[in-house]
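# following is a predicted model, sequence given first.
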2 protein chains.
Amino acid sequence: MKDSVNADYLKKTTKALPVVVAKGDGIGPEIMDATLKILEAANVSLDADHIEIGEQAYLSGNTSGIPESAWEAIHKKKVILKAPITTPQGSGYKSLNVTIRKSLGLFSNVRPAVSYHPIVESKHPIMDLVVVRENEEDLYAGIEHQQTDEVVQCLKLISRPGSEKIVRYAFEYAKKYNRKKVTCLVKDNIMKISDGLFHSVFKEVAKEYPDIQAESQIIDIATARIANRPEEYDVIVTLNLYGDIVSDVTAEISGSVGLAGSSNIGKDYAMFEAIHGSAPDIAGKKIANPSGLLHGAIQMLQYFGEVEKAALIHNAWLTTMEDGIHTGEIYKEGHSKQKVGTMEFADAVIARLGQVPSHFKKIEVKEGEDFRINIQEKSHAPKEKKLVGVDVFIDHRDRDANKFGDALTDSSKDFLKLKMITNRGVKVYPGGMESTFCTDHWRCRFISKNAEVIEGKPDYKAIDYKEVLELMMALNKAGFDIIKTENLYTFDGKLGFSLGQGE
Amino acid sequence: MKDSVNADYLKKTTKALPVVVAKGDGIGPEIMDATLKILEAANVSLDADHIEIGEQAYLSGNTSGIPESAWEAIHKKKVILKAPITTPQGSGYKSLNVTIRKSLGLFSNVRPAVSYHPIVESKHPIMDLVVVRENEEDLYAGIEHQQTDEVVQCLKLISRPGSEKIVRYAFEYAKKYNRKKVTCLVKDNIMKISDGLFHSVFKEVAKEYPDIQAESQIIDIATARIANRPEEYDVIVTLNLYGDIVSDVTAEISGSVGLAGSSNIGKDYAMFEAIHGSAPDIAGKKIANPSGLLHGAIQMLQYFGEVEKAALIHNAWLTTMEDGIHTGEIYKEGHSKQKVGTMEFADAVIARLGQVPSHFKKIEVKEGEDFRINIQEKSHAPKEKKLVGVDVFIDHRDRDANKFGDALTDSSKDFLKLKMITNRGVKVYPGGMESTFCTDHWRCRFISKNAEVIEGKPDYKAIDYKEVLELMMALNKAGFDIIKTENLYTFDGKLGFSLGQGE
């Protein structure tokens, strides 16, 4: 006989929760129906608008998969419960998820990863962590340029407010959910300025949470450790790309890709979903597991402050799982008792509303507990920015760095001083090595004519942007093919740019 | 009684192998001595110069840790056998490994990951894969700029020749080592141009190797699969950052971080090493395991074409491992027979030269086998490049995108046409959403005045770079703070740049 909780939990939510529901594609409609049935049985009342986004919208010519009417509903309700969608084969379709995240400022992607071993098999029986992934910036800004025949470029952008929001979110999350440790993952031994910014913001914010342990690890070694010993991690906070990789690793090794939900949280908007895809191969067969989307819905209830309803459903789900009522992909002779379809699984969860698990740890709600997270944006006095040079990138096909450097020095000498040339980051002029392979993409660093260079180290002197424009005109006139420029600044006197490898 | 191989294997190498030996820091000297002792006992004759690189060189003021005399020896011998080094605490020190790799054009980092379970414990008993990582490009070019108070940037550079060399190396490696499959890892669903280039080169080169299975996977999902089911992988080829992460994951989950070697291969130069660090905490105690560096040395022998010597030593090492002669970090009651120090382990390997393992698969050398890999660089006819616009990036602190866009349109209209403005990749002008969070970093896309824009899609028309310069002068005069520019090109008529999110 299982414990059961107070029947008060079954009373109606005090007010209807405003939400847009997207049933999605593939198995989406089936698992959404099952999820909504459970919410209804738990007396969660929704003020729901249904929207059609995804495959049909794409195929009818909308490149982002989201029609105008869907945007209107989203802007009205501000919260999205979304089943998986299908992006049609072929080019020209943009990621619907990326569009929603970035348009609505959903800066935080939160993905818990829990091992339900031995009921769901995993090589990692002890695992209960949360990946908090920055969701808007990094290489995912998608700013790419090909500017020479040989070299293409993608911009990695990291902002101070973006870093601060996500780091603060991770600590607030840890505090609300009573977690003990936040681990920051970066690669600032290589990317000292960009990942370095994220890391320094982390250290700064961590000081405001003295009760939570804060640690930082290098992404490559950390991913390896997470893959091998996930039990050592609690809350992980990281950049967009690293978070993408790490959250997939944690989901996979937990054994629960089909069971996990995910939330995307912004200042005013939020989106909740399963982490898995639309599985068109089993669509319509009524065998799909609704658990991933249900976990998304549980996170949504927490977001709305309906923590008792969230716990009610979560406990019923845990009880169903440990009772051995499993959909086909989890079902295993010996471990499982009954193989069920999508709706039967939902009915089994509904039948257990009010029960709490005995094998798994039950979800407890403390008096007055509230998981809603508000991030206060802090304002910072801007630093003093001073222009001290420019990196001019030139397309040049003759691979002789010395000849090229000498010609460039000659054409520029009346305007700015050529400090060095690098090719893919390695200094090749002056004094480069012949063994360095050179592409057609040369970065030429110019500084003030008046800057003194002592043992390779200049005292950067302020220049006017007009000097940069004059230099560019002169180089253009001399036949150099300028493909891009990057200004060099100091901020409060500190260099805002990296040195060349070998400089 | 173990099998033993023909004593011919113990004859001298036909000529002395030219190599510079760097004993490194921490446990470096001990494990190098052990490794050299094994090579000598196996009658490998070396024409060796010893160099001092690492901690002492750093501390004596050399920012890259490599004195000029070491460079001279390296340029003479061209092959480096390197023990781990220590980078001193503090800033201003550059990665010695990155400097060597990039200066010598060591484009390929090769890291085998093998599970020796149950002799070395691993959750993955079946695992025998190789990560071939691009070693020179990607975000590791280290080109970073802060250009506004809020936003920093790192350039990800991918080149066609760089991609082609590493992909070709991976297939040649698979062919030489009789491996069946090469898996390419990219994130080209997001980075369509940069990762897209790598992926398209992979598909192109794969066609030349019809006997080797070729597949491509998305890095996030793939890392998760590798972490969970490494037995499904054979040869993996990928970009620098992804390879850094994935090779650490494979080393860690194999259980053999302390046992694995790594090679860094270029056209004319090569460097061989252990994958682990200098472990200063156990330095001098004579307990460190020399196996990682020994595996580096085995790869070096293969590089020199000394495949019989490589197999001789490799088989002796496998036999030592399965005989239960283990250094402390591997030693385990029950599994192991004898706990030994660094030199005793080396002596145990030496005592087994000529033996082959019975539990592990023995290394066999076929008549005439040669693992030397030569990459033929193919030349390609350059594509026709046409300038069709420019992205001008502006530092602007008022977050009202419409006011900013209107003012910019006004100042630019006599020169080029403002097509759109994005903030961290999301279109905010014209017609942006208020919910999009804006930083002080704005990307403003300009195209020809004569380009017609139909339903948001322009017919890009050629412009002259002088028009870009005129635009920049006008914007500067109007008080806009230009921080960087990126030209927009078509190549053989195909767009060489990405569209904005929401464009």
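Sure thing, it's come through.
# what's the neighbour count on the residue in the stretch 351-500 of chain A that chain B sits nearest to?
In the stretch 351-500 of chain A, the residue that lies nearest chain B is A:Gly425 (3.1 Å; CB to the nearest CB). Yep, even glycine has a C-beta here, placed from its N, CA and C like the rest. Summarising burial for A:Gly425: neighbours were counted as other CB atoms under 10 Å in any protein chain shown, giving 25.
# pLDDT score assigned to it?
The predicted local confidence for A:Gly425 comes out at a pLDDT of 87.
# wait, isn't it in contact with A:Gly500?
Yes: between A:Gly425 and A:Gly500 there is a contact under CB atoms under 8 Å: 6.5 Å.
# what residues are shared contacts of these two?
Between them, A:Gly425 and A:Gly500 share these contacting residues under CB atoms under 8 Å, 6 or more residues apart in numbering or on different chains: A:Arg443, B:Gly142.
# where do the strands sit along the stretch 351-500 of chain A?
Counting by DSSP state E, counting those that start in this stretch, one finds strands in the stretch 351-500 of chain A at the ranges A:385-395, A:417-423, A:426-429, A:441-447, A:453-454, A:457-458, A:481-491, A:494-495.
# need the residues that contact the second one.
Translated: strand A:417-423. Counting contacts by CB under 8 Å, 6+ apart, the residues touching strand A:417-423 from outside are A:389, A:401, A:404-405, A:408-409, A:412, A:427-430, A:432, A:436-439, A:441-449, A:451, A:453, A:458, A:500-501, A:503, B:141, B:143.
# recalculate using a threshold of 7 Å.
Strand A:417-423 is contacted from outside by A:401, A:405, A:408-409, A:412, A:427-429, A:436, A:438-439, A:441-449, A:451, A:453, A:458, A:500-501, A:503, using CB atoms under 7 Å, 6 or more residues apart in numbering or on different chains.
# just the first one next, same as before
If you take CB under 7 Å, 6+ apart as the criterion, strand A:385-395 is touched by A:147-148, A:440-448, A:460-463, A:465, A:468, A:472, A:475, A:480-491, B:149.
# strands paired with it, and their directions?
strand A:441-447 (antiparallel), strand A:481-491 (antiparallel) (DSSP bridges).
# pick the most deeply packed of those strands.
The highest average neighbour count among these, using mean count of other CB atoms under 10 Å in any protein chain shown, belongs to strand A:441-447 at a mean of 24.
# now do that strand against strand A:417-423: the angle between them, please.
Orientation note: strand A:441-447 sits at an angle of 160 degrees relative to strand A:417-423 (axes from the mean of the first three to the mean of the last three CA atoms, to 10 degrees).
# what number of residues are in the vicinity of A:Gly277?
For A:Gly277, the count of nearby residues is 17 (other CB under 10 Å).
# in which helix or strand does it reside?
Using DSSP states H and E, A:Gly277 sits within no helix or strand.
# wait, what's in contact with the residue nearest to A:Phe304 when sequence neighbours are not counted?
The shortest distance from A:Phe304 to any non-neighbouring residue, by CB to CB, 6 or more residues apart in numbering or on different chains, is to A:Leu17 (5.1 Å). With CB under 7 Å, 6+ apart as the criterion, the residues that contact A:Leu17 are A:Val44, A:Leu46, A:Asp47, A:Phe304.
# buried set for stretch A:89-99?
Residues of stretch A:89-99 classed as buried by neighbour count (16 or more other CB atoms under 10 Å in any protein chain shown): A:Tyr93, A:Lys94, A:Ser95, A:Leu96, A:Asn97, A:Val98, A:Thr99.
# which of the residues you listed fall in helices?
Secondary structure from DSSP state H places A:Leu96, A:Asn97, A:Val98, A:Thr99 of the buried residues of stretch A:89-99 in helices.
# any chance of CSV for those residues, columns distance to chain B and pLDDT?
Formatted as CSV, these follow (distance: CB to the nearest CB, whole Å; pLDDT from 0 to 100):
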residue, distance to chain B, pLDDT
A:Leu96, 11, 88
A:Asn97, 11, 87
A:Val98, 7, 84
A:Thr99, 6, 86
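# ok, then the element right after the host helix or strand of A:His145?
Of the helices and strands defined by DSSP H and E, A:His145 is found in strand A:144-146. Downstream of strand A:144-146, the next assigned helix or strand under DSSP H and E is strand A:151-159.
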